[in-house]
Every structure is written in C-alpha cells, then in structure tokens.
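Student: no letters, just coordinates:
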C-alpha cells in the first residue's frame, strides 16, 4: 500500500486517452453486427408480447385509438382543412410517422440505460441499442401501415400515383429520427432526469407537429423555419400531398428539412461517439 | 499486432467515488470547486494506476488480488467495454469475454431464445449458433430445460447456460471473470476442462479468480494487482506464493481481541528441534492461559492459503486455571517443501474460547511437489510417496 501510494498519483498529461473516431470503420462494424440489431429487436418484441394478452395488436391499437380520438374531436370542434381528403386518413397519415418518431425516441433514448447490464459487460458497437429500438418501432409502424391499407379499402380510396415519392419522405423521416434518438440515448446515460422530462416533451411534440391539423395552420412566412426546427412537419405534409392529393412534395419546405435531418444525424453521431467512452462507467 | 496478443501500457482508470450522489446540489458544488481553482481530483477514486500488461498469443495469465484491486476493471478494458482514462490498451483478434455470464441473458426468454441472443451479442452468427446448438445445450446440461423461460432457472442453470454459450465462441483471446464461483463441482471441472481445451487450440486466456487453486491449474503466469498497481508479475507458483504470504501476514496482525483463553506462545519443531522436514516427525508446542478451569475442545490446523486448513487435528482436554503447555506430535509430516501456517482455535457451539486464527508459520524442507497437469484442481499440497510398477500384460 505504501509503495503504491508514494508513486505518481496522476497520469502524465501526454498519455491521456482519447477515443479516435473513424467513421467508416465504425459504420462498417455496425453493419457487420446487423444481426445483433435484429436479435435485440426480436428480443424486445418477444418480451413485449409474451406478457400482453392482446399481443401484436398493441402495435396497431395505439395509432388507431389516437386516430379515432382526433377524428371525433378535431373534425367536429375545429374544422381542419384537409384539402378534400377524408379526415381519418389525413390524421392517420400524420400519426404513422409521429408514432414511429416518438416510440423510437422514447424507447431508443432509454436503450443504453435499460441495457446497462450489457453495456457494462459485453462488447458490441454501442449504436446497436438505439438502432434496435428503432427497428422495433419500424415493425410497429409496418403493422400500423397494414391497417392503413385496410382504411383505404373501407373508405374506398385509391392512393394517388405520386405515392412513389414516399421513399424520399421516409429517408428524411428516418434520418431525423435516428439523429434525435442517438443524441438522447447518449445524453440520457449522464442526465437521468431527462427520462422523466422526455414523455412531457413528446406529448407537446405531438401538438407541435401537424398530426391533427395541416401545414396551412402555420403562417406562410414561418413555414420554412418551422420545417427546419421540426423536419417531421414537411414529411407529414409530404405524405398527405403525395398519397391523398396527388401532388409532389413541397420542396421549399422538404429541402431545408432534409438538410436539417442530415445535420441531426451527423451531429447526433458525433455526440454519441464523444460520450461513448463514459457509457460503461455511468451505466 | 498478432491475433491473441495483449498490449496494455501505462493504463490508468478512475471512477467517481460518490456514485449515488448525482443531485443538482452536488453538481453545483463540483462546478463551484472547479471554478475556484480547486483540483478536479476530488471525488474520484483510482481503480488502476500505471498498469502494464503484455501477453503473447497462447499465454495463460491469472489476474489475482483482493476485492477492489482493479482486476475486473482491467478485464473490462481488455474487453473494450470500458476505456482507460490514460494509457493504451490493444488486443489483437477476436475477444471473448465472460464477465458475469448472466448479464446477456434475458429472464423472460426461453433458454433456446437466449442461446441465439447471447450468441449474437458475443458476435457469433445465427447460422454458427444453430450448428453448435446441440453441443451448447449438452455442455450446459440443459436438455430438459432449454424451452423453459430463464426466470424459472436455478442460479446454477443460469450460469451454465451463459458459460456454455460463451465457451463455444472460439475467440483469439478469452477473458474469464470468476464464472466458476457458481455451479457445482462437476460443472466447475467441466469449465476448467473447456478452458484447457481452448488453451490447447492456442487461444490466449486471461483468468480472474479468487480461487487460487483454479488459477494455478489453468495459468502459467500470474499478475497480482494490489490497490490498482501491479504488485508482482511472474510464474504462477511464485506469484501465488507471494500473494498467500501477504494475505497470511495481514491475517496475523489481527491477533484476536476476544476469547477467554489466550495463546501465550507457539513453537513448531522438526526432528532434533530443527526446521521441519517433509515426511519426518513434527512437534507443535503451545502455551495457553486460561482464567478458570475449562473442558476445552481444541483444534490445530495447517494451511497454505488463508483459513482453509490442509489438515486438522482435534483434541479434548481439561485446561486448569493458569498456564498450560500443550504438545502435539505428528510422526509423519505429509507436506511438501514450502511455507505453511499453523492455526489454532478452541471453538464451542455457544462461544469461541479461542477464535480460529494463525498462531505461527514455518518452513518445510524436502522434495518439491509433483506439478499438476493443466486443468486439474489440487485442493491442497500433500506429499505422498508412491511406488509405481509398469508391467506389460
């Protein structure tokens, strides 16, 4: 003991550890471990449905219930301009991306904290945890999209040919969601309080996003800054325009939103990697 | 860097000492202290200080040391789970880490589902797991339980499942942290056999354990960490010998503060009053002091490591008030060359007249003990002289 404590008590500054972030090898590693993302997502799905009587139906029930609520209240109370489309379809198309975003962010945000046992004891690229949560959210969204098909059949609505724009909109939506999820999951490890604030923020986010209403509620001159702050808004607007109305996406809004989403993803990744060395110490 | 090689140089690692206190008040306090020019070293505890560790491919290293000496932290850094505060850690090739094998296992999933989950956590593809599935199940002796949810497993089954999966991942470097502690004797032996097989394939093994016999049976080299610093690094027998000695010395400082009867003096003598010799007579002489006449059930033990005796000698006798001399002779000392400790106690069901504690140490001269083959646990060193006959039939 005496021999040990009489030695140097601080490491010399020149050997302090710095994690070198090399983006391409890091992405390649995540790609190599894509099977793990799948297995973790599968684990979460299995565990979720093992305990629930209604099982998979829950993936669909949440957006469906909100749709019914919105249809009953907003359609009656506030006359929303849907551009001639059925309000139920109009709001459901907003709910799909929103639900994907909010489940990804709330589950993915907590993924490192919830999986602390693994973060602490097993090596794997840490990105797999938020990615797996997003994969679970994607499965939910896919199931809910099947219901959309059902809604189309019931309302006898035929999606317009401009629906082909959907992959572009989807890319912006996923990029933004991924960026936000990455930042939150990393920050949450160190700031656990966020865990309690997050549901409130998401609740507010539902109303700050044109889910129940349309893009036209926002003043024309504010639509661009609004789209940059909330890239989901022009994405949702885009889904409605392309699928329901047969119009192309509004590029004046979607363009800036796409740039913002890409920035979120880049910054999110940097933040995540910067904080990564501390995950196991705090988890 | 070759596969299976480990190079760690000047590794430092620290943790927050006050983990629970993450309240805003404490954070503000910390910020204030830093702003007022105070050192930010406050509230941090060094887990490792300037640790060097160089291991070649195929070597087997035991990491030993008391609780909190930094063994597991070191292992976690080798596993890339943690990052050092300063220094460099590099490991070549695929790393397999058994750090708490229960961590990767989800209680709500069945054993079979967990095999796939943990397998892919450890970086094994589904196809590979599927190929080895039967082997894994057989190794863990879980044939009847594999379709049951893991929350209904016993803790032994839990560990067996984890170890079985991890044992079949075929890494270049295998890091093992105290997995043998749970599981029955037969399974422990199985784990040791598996580690030996892995070593025979040329895998590097780093083994953390408090079970010194297990370390000795697996490792050729040992590194002793003490308070986050490497105390010694060398051939396993030497390092373990040094380690046992210190543990023992620390025990000796604690002369019992309670106990009605006092040990005044102890003497250990071999033939002719000299140093004890292997397979020769030995005499132990103890002087006891009792305040009152007592009927005492006494035990003498000889140990190599802490508290666990190699053999015990018991005797019941009347102790009169005042001092008594107790002599115990062994006609044939069954110990090999080495350093041993004499323990003594008068233990009763209701109270300890003399608590079990070391009363002396002694050297034994004689032949070196036969080395054990790797993977076999020898509980205690006993010198036995055999006669061998090898005859063709």
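Tutor: Sure thing, it's come through. Since the structure is predicted, the reported quantities are computational estimates derived from the model, not experimental observations.
Student: which residues of the stretch 51-200 of chain B lie near chain A?
Tutor: Within the stretch 51-200 of chain B, the positions near chain A by Cβ under 8 Å from any Cβ of the partner chain are B:76, B:79-88, B:95, B:97, B:99-100, B:103-104, B:106, B:108-109, B:113, B:116-117, B:120-123, B:125-126. Yep, even glycine has a C-beta here, placed from its N, CA and C like the rest.
Student: what about the helices in the stretch 51-200 of chain A?
Tutor: Using DSSP state H, counting those that start in this stretch, the helices of the stretch 51-200 of chain A run over A:57-77, A:87-103, A:109, A:111-114, A:116-121, A:128-154, A:166-190, A:194-208.
Student: please see if the longest one touches chain B.
Tutor: No - remark: helix A:128-154 sits outside contact range of chain B, by Cβ under 8 Å from any Cβ, the gap being at least 9.2 Å.
Student: what packs against that helix?
Tutor: Judged by 3 or more Cβ pairs under 8 Å, 6 or more residues apart in numbering or on different chains; DSSP states H and E, the packing partners of helix A:128-154 are helix A:34-51, helix A:57-77, helix A:87-103, helix A:111-114, helix A:166-190.
Student: can I get these in JSON lines including mean neighbour count and distance to residue B:287?
Tutor: Below are these laid out as JSON lines (neighbours: other Cβ atoms under 10 Å in any protein chain shown; distance: least, Cβ to Cβ, whole Å):
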{"stretch": "helix A:34-51", "mean neighbour count": "18", "distance to residue B:287": "66"}
{"stretch": "helix A:57-77", "mean neighbour count": "16", "distance to residue B:287": "78"}
{"stretch": "helix A:87-103", "mean neighbour count": "24", "distance to residue B:287": "77"}
{"stretch": "helix A:111-114", "mean neighbour count": "23", "distance to residue B:287": "62"}
{"stretch": "helix A:166-190", "mean neighbour count": "21", "distance to residue B:287": "62"}
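Student: which one of these lies nearest to chain B?
Tutor: Closest of the helices and strands packed on helix A:128-154 to chain B is helix A:34-51, at 4.3 Å (criterion: Cβ to the nearest Cβ).
Student: residue B:259 and chain A, how far apart?
Tutor: For residue B:259, the distance to chain A equals 28 Å [Cβ to the nearest Cβ, to the nearest Å].
Student: for the residue of the stretch 151-283 of chain A found nearest chain B, which non-adjacent residue is spatially closest?
Tutor: Proximity of the stretch 151-283 of chain A to chain B (Cβ to the nearest Cβ) peaks at residue A:277, 3.9 Å away. Excluding the flanking residues, the one nearest residue A:277 by Cβ to Cβ, 6 or more residues apart in numbering or on different chains is residue B:83, at 3.9 Å.
Student: so where's the chain uncertain?
Tutor: No chain was given, so I picked chain A. A:1-8, A:55, A:283 (pLDDT under 70).
Student: that answer is for a different chain, and I need it for chain B
Tutor: The model of chain B has pLDDT under 70 over residues B:17-24, B:26-27, B:30-31, B:33-42, B:179-183, B:248-257, B:305-306.
Student: okay, now the domains of it?
Tutor: Domain ranges of chain B: B:6-249, B:254-364, per automatic domain parsing.
Student: most tightly surrounded among these?
Tutor: Of all these, domain B:6-249 carries the top mean neighbour count, a mean of 18, counting by mean count of other Cβ atoms under 10 Å in any protein chain shown.
Student: could you find the closest non-adjacent residue to residue B:164?
Tutor: Sequence neighbours aside, residue B:140 is the residue nearest to residue B:164 in space, at 3.3 Å (criterion: Cβ to Cβ, 6+ apart).
Student: tell me the phi and psi of that neighbour?
Tutor: Taking degrees, to the nearest 10, you get phi -80, psi 0 for the backbone angles of residue B:140.
Student: my guess is it meets residue B:163, correct?
Tutor: Yes - contact criterion Cβ atoms under 8 Å: residue B:140 and residue B:163 qualify, at 7.2 Å.
Student: spell out which residues of the stretch 1-150 of chain A are next to chain B.
Tutor: By the rule Cβ under 8 Å from any Cβ, the part of the stretch 1-150 of chain A lying against chain B is A:1, A:3-5, A:7-12, A:15-17, A:19, A:33, A:35-36, A:39-40, A:43, A:46-47, A:50-51, A:117-124.
Student: just the buried residues of these.
Tutor: Among these, those buried by neighbour count (16 or more other Cβ atoms under 10 Å in any protein chain shown) are A:4, A:11, A:15, A:17, A:33, A:35-36, A:39-40, A:43, A:118-124.
Student: what parts of the stretch 151-283 of chain A come near chain B?
Tutor: When proximity is defined as Cβ under 8 Å from any Cβ, the stretch 151-283 of chain A approaches chain B at A:192, A:276, A:277, A:280, A:281.
Student: how does it look with 7 Å?
Tutor: Counting by Cβ under 7 Å from any Cβ of the partner chain, the residues of the stretch 151-283 of chain A close to chain B are A:277, A:280, A:281.
Student: inside helices: which ones of the residues you listed?
Tutor: Mapping these onto helices (DSSP state H) picks out A:280, A:281.
Student: let me see the contact set for the closest residue to chain B within the stretch 1-150 of chain A.
Tutor: Going by Cβ to the nearest Cβ, chain B is nearest to residue A:11 of the stretch 1-150 of chain A, at 3.6 Å. Residue A:11 is in contact with B:12, B:85, B:86, B:87, counting by Cβ atoms under 7 Å, 6 or more residues apart in numbering or on different chains.
Student: mind picking the two most distant members of those?
Tutor: B:85 and B:87 (7.8 Å; Cβ to Cβ).
Student: name the helices or strands packed onto the helix or strand containing residue B:62?
Tutor: Assigned by DSSP states H and E, residue B:62 belongs to strand B:60-64. Packing partners of strand B:60-64 (3 or more Cβ pairs under 7 Å, 6 or more residues apart in numbering or on different chains; DSSP states H and E): helix B:71-78, strand B:204-208, helix B:212-218, strand B:221-226.
Student: centre of the chain to that strand, how far?
Tutor: Distance of strand B:60-64 from its chain centroid, counting by Cα atoms, centre = their mean, to the nearest Å, is 10 Å.
Student: relative to it, what are the paired strands and their orientations?
Tutor: In the sheet containing strand B:60-64, its partner strands are strand B:204-208 (parallel), strand B:221-226 (parallel), by DSSP bridges.
Student: which one of the ones you listed lies nearest to residue B:167?
Tutor: Across those (criterion: Cβ to Cβ), the nearest stretch is strand B:204-208, sitting at 11.8 Å.
Student: how about residues contacting that closest one?
Tutor: If you take Cβ under 7 Å, 6+ apart as the criterion, strand B:204-208 is touched by B:4, B:6, B:55, B:57-63, B:71-72, B:75, B:78, B:172-178, B:195, B:198-199, B:215, B:218-219.
Student: run the chain-centre distance for it.
Tutor: From the chain centre to the centre of strand B:204-208 is a distance of 13 Å (Cα atoms, centre = their mean).
Student: and stretch B:81-98, by the same measure?
Tutor: In terms of Cα atoms, centre = their mean, the centre of stretch B:81-98 is set 22 Å apart from its chain centre.
Student: how long is that stretch end to end?
Tutor: Stretch B:81-98 has an end-to-end distance of 12 Å (Cα to Cα, to the nearest Å).
Student: now swap in stretch B:268-278 and tell me
Tutor: Start to finish, the residues bounding stretch B:268-278 are 14 Å apart (Cα to Cα).
Student: got it, and stretch B:87-100?
Tutor: End-to-end span of stretch B:87-100 (Cα to Cα): 25 Å.
Student: thinking again about what came up before, quick one, what contacts the residue nearest to residue B:164?
Tutor: B:160, B:161, B:164.
Student: before we move on, what about residue B:55?
Tutor: B:5, B:6, B:61, B:204.
Student: closest to chain A among the residues you listed?
Tutor: Comparing the contacts of residue B:55 against chain A with Cβ to the nearest Cβ places residue B:6 closest, at 14.5 Å.
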